[in-house]
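> One predicted model, sequence on top.
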Amino acid sequence: MSSRRIVWRKSLNYVMLTLTGIAAFAVVSVLFLILGYLIWNGGTSLNWNFFTQLPKPVGETGGGMANAIVGTMKLLFLAAVMGLPIGLFAGVYLAEFGGKTFSFVVRYTTDLLNGVPSIVIGIFASALFVLPVKHFSAFAGGVALGIMVIPITVRSTEEFLRAVPGNMREAAMALGASRWKTIATVVLPAASGGILTGMLLALARVAGETAPLLFTAFGNRFWSQGWGQPIASLPVMIYTYAVAPYDDWHRQAWAAGLVLLALVLVSNLGARFILARSKAV
Amino acid sequence: MEKTTSPTIEHKQRLTIANLNFYYGPKQAVFGLNLKIPTNRVTALIGPSGCGKSTFLRTLNRMNETIRNTRVEGEVLLDGQSIHALDVVGLRRRVGMVFQRPNPFPKSIYDNVAYGLRINGYKGRLDDLVEQSLRRAALWDEVKDYLKKSAFALSGGQQQRLCIARALAVDPEVLLLDEPCSALDPVTTAKIEELMFHLKDSCTMAIVTHNMQQAARASDFTAFMLDGHLIEHSETSKLFTTPTDPRTEAYITGRFG
């Protein structure tokens, strides 16, 4: 074998290793760049007032986004209540009961639903729950986010249920458990860590959605008056503040971005923690 | 086709299988099988891989019904009553099963044993029955201080005995064992065989095994199956010393299978 070939092979090896390494480094650094940029720009506005006060009227500096933080929590609560049970049960159906043809249809539809642009889901929720009553509402926003939660929950639930060994189902049924009792007392508990993780990730995923909220929950500079009224949320607040012509608002938008990212990171960490603990059992 | 020599037994029969056919879709796996399983005795089912032993065993507690597109014909009588007329939950409570691979639930040792009692709505003192079942499965002394620990912390042999304890907790009349020792080492296998010997006082057992020494050691009666047919059935000592069918002799002397 000629030495030129060996040199060529070695250098190709080296170049490809370097390229993949650079790409891997880029992936990691993007997150830290975003995080650093948010802290740099928004850190100064992140104080106690930000978490406890309402937005100040236009022209005054200071104030906070307490209503938007609570609003995002409320919207996520609605999304969880509406989306998670449907996602969970549909996932159970796919993993445990489904026939071939209908399951294929459900799975395919779920993937399509997952790919529907979020703004389209916003328009849909708006047409159903905003236009008829002629005012924006937290409920409509919750529906929009809830729809987005469903496909992610379905697929993760199905995946984790399928990972439960079939011989556990047999064991339960051989002891006289019915199909549903087997699922409820053995299969779901065995997969609970993974399913919970999937749910948390689904909620974290929609926590940052702006488009579906623009014409459903809309936004609110004050505390929301109830589920049927417009409600503030962090993503929409970021959007509003970022496009406004005031420097103070820009800083607050950065701070809101930081809070939102922290929320998502914490739920991700929480999800990983739950998963790691459930695997240890 | 088959020359079923009915074992000469003074015993009553716990299970009577008459003209049993079983199909996976269009493929027939068990052909016109007739067999009697005597009360409080161990019946071994032997035969080469794929001969339908496990399939047959699983028809006895209707576990095959959990598999799509299967069909069963013929009759299985449990104490003279057709198992197909019984409620399947009640049937499986009376006919317990232990599988090839230990399959404990991802729960504590205690909860594993108590599972069958809880789902059947047992209201009495669970603690006593859990202890009693673990004792019957010869596992109590090894786990009595760790009842709240995960069943996965046990060794393979302990897990299999836990599965036996779990099956015994609902006090079944029949225990079906589907190659219960194939994943275990010889020492643990010996423990399980000893355990089966003691269980004969209270339980009728049918065991599928690939291990002919095990069938010879642990069973009172042996049935030899080939390609879905029952070839020979007699007392174990007789089947292994003076088999009547040349195919049985060929199999037990290791000429095929």
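Arrived safely, thanks for sending.
> Could you count how many residues lie near residue A:22?
Residue A:22 has 10 neighbours, counted by other Cβ atoms under 10 Å in any protein chain shown. In this view, the C-beta of every residue, glycine as well, is placed from N, C-alpha and C.
> no no, residue A:102
12.
> what does residue A:272 give?
Neighbour tally, residue A:272, other Cβ under 10 Å: 13.
> Ok, residue A:159 next?
Neighbours of residue A:159 using other Cβ under 10 Å come to 16.
> Check the one 4 residues further on too.
Counted with other Cβ under 10 Å, residues neighbouring residue A:163 total 11.
> And it, how close does it get to residue A:194?
Separation of residue A:163 from residue A:194 (Cβ to Cβ, to the nearest Å): 7 Å.
> how about low-confidence regions in the stretch 51-200 of chain B?
Applying pLDDT under 70 to the stretch 51-200 of chain B flags no residue at all.
> Enumerate the positions of the helix or strand residue A:75 falls within that are buried.
Using DSSP states H and E, residue A:75 falls within helix A:66-92. Residues of helix A:66-92 classed as buried under the neighbour-count rule (16 or more other Cβ atoms under 10 Å in any protein chain shown) are A:66-72, A:74-76, A:78-80, A:82-84, A:87-88, A:90-92.
> now do stretch A:263-280
A:263, A:264, A:267, A:271, A:274, A:275, A:278.
> so residue B:225, which of the three states?
Three-state assignment for residue B:225 (DSSP: H, G, I helix; E, B strand; the rest coil): strand.
> Enumerate the residues of the stretch 101-250 of chain B near chain A.
B:101, B:103-107, B:115-116, B:118-120, B:150, B:152, B:163, B:166-167, B:170 (Cβ under 8 Å from any Cβ of the partner chain).
> from those, which would you call buried?
B:101, B:103-107, B:115-116, B:119-120, B:150, B:163, B:166-167, B:170.
> For residue A:58, state which of these is nearest.
Nearest to residue A:58 among these is residue B:106, at 57.4 Å by Cβ to Cβ.
> Give me the nearest residue to residue A:82, chain neighbours excluded.
Nearest residue to residue A:82, sequence neighbours excluded (Cβ to Cβ, 6 or more residues apart in numbering or on different chains): residue A:146, at 3.5 Å.
> would you say the one you found is within a helix?
Yes. Per three-state DSSP, residue A:146 lies within a helix segment.
> Which pLDDT value belongs to the residue nearest to residue B:51 when sequence neighbours are not counted?
With Cβ to Cβ, 6+ apart as the criterion, residue B:51 has its nearest non-adjacent residue at 4.7 Å, and that residue is residue B:225. pLDDT for residue B:225: 95.
> roughly how far apart are residue B:225 and chain A?
Residue B:225 sits 22 Å away from chain A, taking Cβ to the nearest Cβ, to the nearest Å as the criterion.
> Tell me how many other residues crowd residue 99.
No chain was given, so I picked chain A. Other residues close to residue A:99 by other Cβ under 10 Å number 8.
> You answered for a different chain; I wanted chain B.
When neighbours are counted by other Cβ under 10 Å, residue B:99 registers 22.
> shouldn't it be in contact with residue B:164?
No. Between residue B:99 and residue B:164 there is no contact under Cβ atoms under 8 Å: 10.5 Å.
> Could you name every residue contacting both of the two?
residue B:180 (Cβ atoms under 8 Å, 6 or more residues apart in numbering or on different chains).
> can you pull out the strands in the chain?
Picking chain A for this. Assigned strands in chain A: none (criterion: DSSP state E).
> if you could check chain B rather than the one you did, that'd help
Under DSSP E, chain B gives strands at B:13-24, B:27-38, B:42-46, B:70-78, B:81-82, B:95-98, B:174-178, B:204-208, B:221-226, B:229-235.
> got CSV for the ones you listed, with mean neighbour count too?
As requested, the strands of chain B are exported to CSV (neighbours: other Cβ atoms under 10 Å in any protein chain shown):
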stretch, mean neighbour count
strand B:13-24, 18
strand B:27-38, 19
strand B:42-46, 27
strand B:70-78, 17
strand B:81-82, 12
strand B:95-98, 26
strand B:174-178, 24
strand B:204-208, 26
strand B:221-226, 26
strand B:229-235, 22
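> Show the average pLDDT along stretch A:117-135.
For stretch A:117-135, the per-residue pLDDT averages 93.
> just the helices in the stretch 1-150 of chain B please.
Here the stretch 1-150 of chain B has its helices, by DSSP state H, counting those that start in this stretch, at B:53-59, B:88-94, B:109-119, B:126-136, B:140-143.
> Show me the shaky parts of chain A.
Using pLDDT under 70, the flagged stretches of chain A are A:1, A:279-281.
> returning to that earlier point: the strands of chain B into a markdown table, with extra columns for distance to residue A:128?
Below are the strands of chain B laid out as a markdown table (distance: least, Cβ to Cβ, whole Å):
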| stretch | distance to residue A:128 |
| --- | --- |
| strand B:13-24 | 48 |
| strand B:27-38 | 51 |
| strand B:42-46 | 61 |
| strand B:70-78 | 45 |
| strand B:81-82 | 55 |
| strand B:95-98 | 51 |
| strand B:174-178 | 54 |
| strand B:204-208 | 58 |
| strand B:221-226 | 62 |
| strand B:229-235 | 64 |
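> To residue A:206, which of the ones you listed lies closest?
strand B:70-78 (43.2 Å).
> Which strands or helices does that closest one pack on?
strand B:13-24 (3 or more Cβ pairs under 8 Å, 6 or more residues apart in numbering or on different chains; DSSP states H and E).
> Any chance you could list what contacts the strand it packs on?
Taking Cβ under 8 Å, 6+ apart as the rule, strand B:13-24 contacts B:28-40, B:52, B:55-56, B:59-60, B:64, B:67, B:69-80, B:173-174, B:204, B:206, B:228.
> need the contact list for the spatially most central residue of chain A.
By Cα atoms, centre = their mean, the mean C-alpha position of chain A lies nearest to residue A:205, the distance being 1.5 Å. Contacts were defined as Cβ under 8 Å, 6+ apart; by that measure residue A:205 touches A:148, A:152.
> and the gap between it and chain B?
Taking Cβ to the nearest Cβ, one finds residue A:205 at 28 Å from chain B.
> Could you count how many residues lie near the residue nearest to residue A:253 when sequence neighbours are not counted?
Excluding the flanking residues, the one nearest residue A:253 by Cβ to Cβ, 6+ apart is residue A:241, at 3.7 Å. Residue A:241: 22 surrounding residues under other Cβ under 10 Å.
> right, and residue A:241 touches residue A:252 too?
Yes. Residue A:241 lies in contact with residue A:252 (Cβ under 8 Å); the separation is 5.5 Å.
> Show me the helices in chain A, by range?
All helices of chain A, identified by DSSP state H, fall at A:3-42, A:48-52, A:66-92, A:100-115, A:118-129, A:138-162, A:166-174, A:179-182, A:188-207, A:211-214, A:234-243, A:247-280.
> closest to residue B:142 out of the ones you listed?
Once these are compared by Cβ to Cβ, helix A:166-174 is nearest, at 20.6 Å.
> just how off-centre is that closest one within its chain?
Its chain's C-alpha centre and that of helix A:166-174 lie 34 Å apart, by Cα atoms, centre = their mean, to the nearest Å.
> Residues contacting stretch B:153-161, please?
B:98, B:102, B:104, B:109, B:137-139, B:142-143, B:146, B:151-152, B:162, B:180-181, B:183-185, B:187-188, B:191-192, B:195.
> excluding its backbone neighbours, what's nearest the most centrally placed residue in chain B?
Centroid-nearest residue in chain B, with Cα atoms, centre = their mean: residue B:176, separated by 1.9 Å. With Cβ to Cβ, 6+ apart as the criterion, residue B:176 has its nearest non-adjacent residue at 4.6 Å, and that residue is residue B:97.
> which residues touch the residue nearest to residue B:114 when sequence neighbours are not counted?
Leaving aside its chain neighbours, residue B:114 sits nearest to residue B:126 (5.1 Å; criterion: Cβ to Cβ, 6+ apart). Shown in contact with residue B:126 (Cβ under 8 Å, 6+ apart): B:114, B:117, B:118.
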